[in-house]
Structures are given as structure tokens and as C-alpha cells.
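In: Give me the fold of what follows.
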Amino acid sequence: QVQLVESGGGLVQAGDSLRLSCAASGRTFSSYVMGWFRQAPGKERDFLATISRSGGYTAYADAVKGRFTISRDNAKNTLYLQMNMLKPEDTAVYYCAASTKDFTTSRYANYNYWGQGTQVAVSS
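Out: Predicted structure coming up:
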């Protein structure tokens, strides 16, 4: 089992950047495929990005491709999401998640463990 804690959210202006972190504890972090999701008020939780166990493969949702970058530091047991050129529509609670699958995945149901979320608000 792994415990996940997100940090780095806040209130920013459109065009600004933020870097979210997700600290993992418990079972070996490098054994999990990791992902980032977000959920805006009244909407479903949406996939943003996923990264392989080694960090050598990443995939993104079209909505964030080219603006967001997922990365991980297995030595520090930490997952990151660098968010650039933020827009008001990026406002949401952001969640990191861990999957025991052997492949990267965008499917919510494939993730076994979730953090509590961190709020990101982007003003226009």
C-alpha cells in the first residue's frame, strides 16, 4: 500500500505557472505507475497525465498537452506536475494517483490509491 499527499496548489493568474508535488510513503514508489487527475466543481474527475514506473514514458490528455509536464523522482518518492500557461478553466482540485497495473493508463478505475487533492484556482 502507498500513501499519497499532494501539495503546491494555490491561487494564480492566467498565464502563470505552478508545480504540484505528490509525496509517496509506504510501499516502494517506483513499483507504481502514477497519474494526475483533476476535478472541477460539479464535474467528473478527469485524467491529465500518466507516467511509467521508470519515468521513461509519459502520456497526456489533449487539454493539457504542451502546457503540463509530468515527472517523477523515484529517489525522493515524489511525483510532479509542472503546469505552465494556466487558464481559468484549469481551476479544479488536483489529485495524484498510483496504479499497480503494468502499463500507463488514463482510466480512473485502474488507479488503486489516491491523494486527498490540492486546490488550484486560476483567475482571469
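
In: contacts and neighbour counts: CA atoms only from here.
Out: Fine.

In: Can you give me every residue that contacts the residue nearest the centre of the chain?
Out: Central residue of the chain (C-alpha atoms, centre = their mean): residue 36, 2.3 Å from the mean position. Counting by C-alpha atoms under 8 Å, 6 or more residues apart in numbering, residue 36 makes contact with 47-50, 81, 94-97.

In: do the same with residue 2
Out: By C-alpha under 8 Å, 6+ apart, the contact set of residue 2 is 24-29, 98, 113.

In: For stretch 79-94, the averaged confidence score.
Out: Here stretch 79-94 scores 98 as its mean pLDDT.

In: got the contact list for it?
Out: Residues from elsewhere that reach stretch 79-94 (C-alpha under 8 Å, 6+ apart): 13-24, 34, 36-41, 67-73, 96, 117-124.

In: Kindly report the same for stretch 107-120.
Out: Around stretch 107-120, the neighbours that count as contacts under C-alpha under 8 Å, 6+ apart are 1-12, 22, 45, 47, 90-101.
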